[in-house]
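# following is a predicted model, sequence given first.
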Amino acid sequence: MKERPGWAYLFLSPWVLGVLLLTLGPMAASLYLSFTDYDLFSTPNWIGLGNYRDLFTDDERFFTSVWVTVKYVLISTPLKLAAALAVAVLLNRASKAQGFYRSAFYAPSLLGASVAVALAWRVIFDKWAVNPDTSILVLVALAVWQFGAPMVIFLAGLQQVPKELYDASSVDGAGPWRTFRSVTLPMLSPVIFFNLVLETIHAFQAFTGAFVISGGRGGPVDSTLFYTLYLYQKGFTEFRMGYASAMAWVLVLVVALITALLFGTSRRWVFYAGEER
Amino acid sequence: MRGKRLLWHALCAVLLAALLYPVAWMLLASFKPAHEIIASLSLLPERFLLGNYAEVFRGTAGVSFWTFLSNSVVVSVGSVIGNVISCALAAYAFAWMRFRLRGPLFAFMIATIMLPVHVLLIPQYTIFQRLDLVDTFWPLVLPKLLATDAFFVFLIVQFMRGLPRELGDAARIDGAGPIRTFTSVVLPLSRPALVTTAIFTFIWSWNDFLSQLIYLNTPRNYTLPLALRLFIDQTSETSYGAMMAMSVLTLLPIALFFFAFQRLLVEGVATTGLNG
């Protein structure tokens, strides 16, 4: 390709404009606003670390929302991935019906993000949704129900595993569980890692289900007060936008930290084919 | 062998039935009277009623169902047009052109996929509020025209990289500039990726709740998810029937897209890890 570089930037210009106006600019602005008492209507006043101090020392609901979210991430992500992997292994066999099942199991991933399904969920699981001890499980169930997307990715990964490895394993007299442990899991570990990172980040940002099922309040007794829901309440119902900006930055930092941690541990358990072990 | 095969089908079918039970329940509940929806989890209604649908078509909060529907269509179609154009342009530059900052910019683009949108919400809202565009569809559509859904740039890049380079060389020998190469060689060949982008964008903006909740405030401008939200605030259970009927109507377009394009959608997920 020998065209002048100006052309490339011409094609990129909408994206560059979007990055500057709608990503980098707002990121800088929200960082600044997180140190102010911004309320949308009056000029923001600099209050230093005031918002952060209030969050960590003077806001019980903030801690509740962190705890609810961490619980949700820790329960729903492993369950969702386990369901996805189990069904992918089940579907990974030569059959004309595989395509049909794959699509059908994927369908909830398209529907599950909607308000409509969340409303149905609220009615179906009404008994559990109104009980503060079990309400979070209703949302976990809604997340796990959408295991189809990671399942499709797992299935694509499974189809990449060289057949010789399975042959070798069966020659060695390994049973199905042994083969799964020593062939499938290691070969699939990059895909597991990819899905784990994606689903974890995703789970931290869950919003619609909690909003709909709790009527926008995070109840009963704050048992479904997801972090993003609390952020929404602070920013868009109380208009404490400086405070909400501080919350948003705490979320970004936590998500970045957890991603870094996952990457850190990945060296120990993620196996890339062709790599010495 | 045959027995094993049957067992496999039986297992898949049972799992699938359990998985789709809530959807089936929802569909059938939309034909039940409210008291029956609350009282029983059985699938089949005692008798089929169309009253819930009639109630939906009588409108909600003084606004007709068709207004909600057309608002949703405008937002989703606008998003599709914006995303397909802007993401294809950016993807072409990343996949087919050389420029000094390509590496770092591409890495940056990937990083923005992971960025929690919440950190952008308040400044973006402030911008649109200053521009007096709150309670219009612009804040929902304009960002798509600027390729802010980097996921789709990535999806199209992956596809365009797989196209044979010789086609570009041939076009250049024929005297085609970058624009001609883009419009008459790369774009037509990238159709599967563009269609995948279009369908996913449609479904995601159709389902989108958070940004519509923030930007649209008057019932006249409500999209379907926001109209459904009106049911949340009503504590009376008599509206459950209409709520289920409207839910079913809202999911109908997604179901149709799914049946028409399931293969493309699933392939899109499988090849990019694109993840609703």
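Noted; the coordinates are in hand.

# for the one helix or strand residue A:178 maps to, which helices and strands make contact with it?
Counting by DSSP states H and E, the element that carries residue A:178 is helix A:176-179. The contact analysis (3 or more Cβ pairs under 8 Å, 6 or more residues apart in numbering or on different chains; DSSP states H and E) places helix A:176-179 against helix A:163-171. C-beta here means a position set from N, CA and C on the backbone, and glycine is covered the same way.

# state the mean pLDDT of the helix it packs on.
On average, the pLDDT along helix A:163-171 is 88.

# ok, now stretch A:201-208?
The average pLDDT for stretch A:201-208 rounds to 95.

# what do you get for stretch A:59-78?
97.

# in this structure residue A:14 contacts residue B:89, no?
Yes. If you go by Cβ atoms under 8 Å, residue A:14 and residue B:89 touch, sitting 6.0 Å apart.

# intersection of neighbour lists for the two?
By Cβ atoms under 8 Å, 6 or more residues apart in numbering or on different chains, residue A:14 and residue B:89 have these common neighbours: residue B:147.

# who's in contact with the residue in chain A positioned nearest to chain B?
Proximity of chain A to chain B (Cβ to the nearest Cβ) peaks at residue A:18, 2.9 Å away. Residue A:18 makes contact with B:86, B:143, B:146-148, according to Cβ under 8 Å, 6+ apart.

# and residue A:204, by the same measure?
Per Cβ under 8 Å, 6+ apart, neighbours of residue A:204: A:69, A:73, A:227, A:251, A:254-255, A:258, B:116.

# out of those, who's the most crowded?
Of all those, residue A:227 has the most neighbours under the rule other Cβ atoms under 10 Å in any protein chain shown, reaching 29 neighbours.

# quick one on the thing from earlier: pull the residues that contact the helix holding residue A:178.
By Cβ under 8 Å, 6+ apart, helix A:176-179 touches A:166, A:169-170.

# any stretches of the chain with poor pLDDT?
Went with chain A since none was named. Within chain A, the segments meeting pLDDT under 70 span A:1-4, A:273-277.

# nope, chain B please
B:1, B:234-236, B:273-276.

# go with 80
Applying pLDDT under 80 to chain B flags residues B:1, B:39-42, B:232-238, B:271-276.

# quick check: closest non-adjacent residue to the closest residue to chain A within it.
Ranked by Cβ to the nearest Cβ, the top residue of chain B for proximity to chain A is residue B:146, at 2.9 Å. Distances taken as Cβ to Cβ, 6 or more residues apart in numbering or on different chains put residue A:18 closest to residue B:146, at 2.9 Å, once the chain neighbours are dropped.

# tell me the buried residues in the helix or strand containing that neighbour?
Assigning secondary structure by DSSP H and E places residue A:18 in helix A:5-18. Neighbour counts using 16 or more other Cβ atoms under 10 Å in any protein chain shown place A:7-9, A:11-16, A:18 of helix A:5-18 among the buried residues.

# same check, this time on stretch A:239-249
A:240-249.

# can I get those residues in a markdown table with secondary structure and distance to residue B:244?
A markdown table is the format used below for these (DSSP: H, G, I helix; E, B strand; the rest coil; distance: Cβ to Cβ, whole Å):
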| residue | secondary structure | distance to residue B:244 |
| --- | --- | --- |
| A:240 | coil | 36 |
| A:241 | helix | 36 |
| A:242 | helix | 41 |
| A:243 | helix | 38 |
| A:244 | helix | 34 |
| A:245 | helix | 38 |
| A:246 | helix | 40 |
| A:247 | helix | 35 |
| A:248 | helix | 35 |
| A:249 | helix | 40 |
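
# show me which of those neighbour chain B.
A:241, A:244-245, A:247-249 (Cβ under 8 Å from any Cβ of the partner chain).

# which one of those is nearest residue A:262?
residue A:249 (20.4 Å; Cβ to Cβ).

# show me what contacts that closest one?
Counted by Cβ under 8 Å, 6+ apart, residue A:249 has contacts A:30-31, A:34, B:119.

# tell me, what residue is most central in chain A?
residue A:202 (1.4 Å; Cα atoms, centre = their mean).

# from residue A:258, how far off is that one?
Distance, residue A:202 to residue A:258, by Cβ to Cβ, to the nearest Å: 12 Å.

# do residue B:154 as well
Residue B:154 is 22 Å from residue A:258, by Cβ to Cβ.

# and if you look at residue B:224?
Using Cβ to Cβ, which is the criterion applied here, residue B:224 is 34 Å from residue A:258.

# for residue 49, phi and psi?
You didn't pick a chain, so chain A it is. phi -90, psi 10 (degrees, to the nearest 10).

# um, chain B though
The phi/psi pair for residue B:49 (degrees, to the nearest 10) reads phi -120, psi 140.

# quick one: contacts for it?
Residue B:49 neighbours (Cβ under 8 Å, 6+ apart): B:31-33, B:241.

# hang on, residue A:200 packs against residue A:258?
Yes. Residue A:200 lies in contact with residue A:258 (Cβ under 8 Å); the separation is 6.3 Å.

# the residue nearest to the centre of chain A: which element?
helix A:185-204.

# contacting residues around the following helix or strand past that helix?
Scanning forward in sequence from helix A:185-204 by DSSP H and E, the next helix or strand is helix A:208-213. With contacts defined as Cβ under 8 Å, 6+ apart, helix A:208-213 is touched by A:113-115, A:118-119, A:121-122, A:129, A:135, A:138-139, A:142-143, A:218, A:224-226, A:228-229, A:232, B:207, B:209-210, B:213, B:229, B:232.

# can you show me the CA trace of helix A:208-213 as PDB?
Written as PDB, here are the backbone C-alpha positions of helix A:208-213 (Å, rounded to 0.1, in the frame of the first residue of the first chain):
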ATOM      1  CA  THR A 208     -30.800  -3.500  33.400                       C
ATOM      2  CA  GLY A 209     -31.800  -6.700  35.300                       C
ATOM      3  CA  ALA A 210     -31.200  -5.100  38.700                       C
ATOM      4  CA  PHE A 211     -33.000  -2.000  37.800                       C
ATOM      5  CA  VAL A 212     -36.100  -3.700  36.400                       C
ATOM      6  CA  ILE A 213     -36.400  -6.500  39.000                       C
END
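
# run through the residues of the stretch 151-277 of chain A sitting next to chain B.
Going by Cβ under 8 Å from any Cβ, the residues of the stretch 151-277 of chain A near chain B are A:152-153, A:155-156, A:194-195, A:198-199, A:201-202, A:204-205, A:207-208, A:211-212, A:215-216, A:228, A:231-232, A:235-236, A:241, A:244-245, A:247-249, A:251-252, A:255, A:259.

# from residue A:25, how far out is residue A:147?
Residue A:147 is 37 Å from residue A:25, by Cβ to Cβ.

# neighbours around residue 185, how many?
In the absence of a named chain, chain A is used. 14.

# can you look at chain B instead?
For residue B:185, using other Cβ under 10 Å, the count is 20.

# give me the subset of the contacts of residue A:249 lying in helices.
Secondary structure from DSSP state H places A:30-31, B:119 of these in helices.

# show me what the helix or strand containing residue B:156 is packed up against.
Element membership of residue B:156, judged by DSSP H and E, is helix B:150-161. Applying 3+ Cβ pairs under 8 Å, 6+ apart, we find helix B:150-161 packed against helix B:65-96, helix B:102-114, helix B:191-207, helix B:240-272.

# I'd like the next helix or strand past that helix.
Counting by DSSP H and E, the next helix or strand C-terminal to helix B:150-161 is helix B:166-173.
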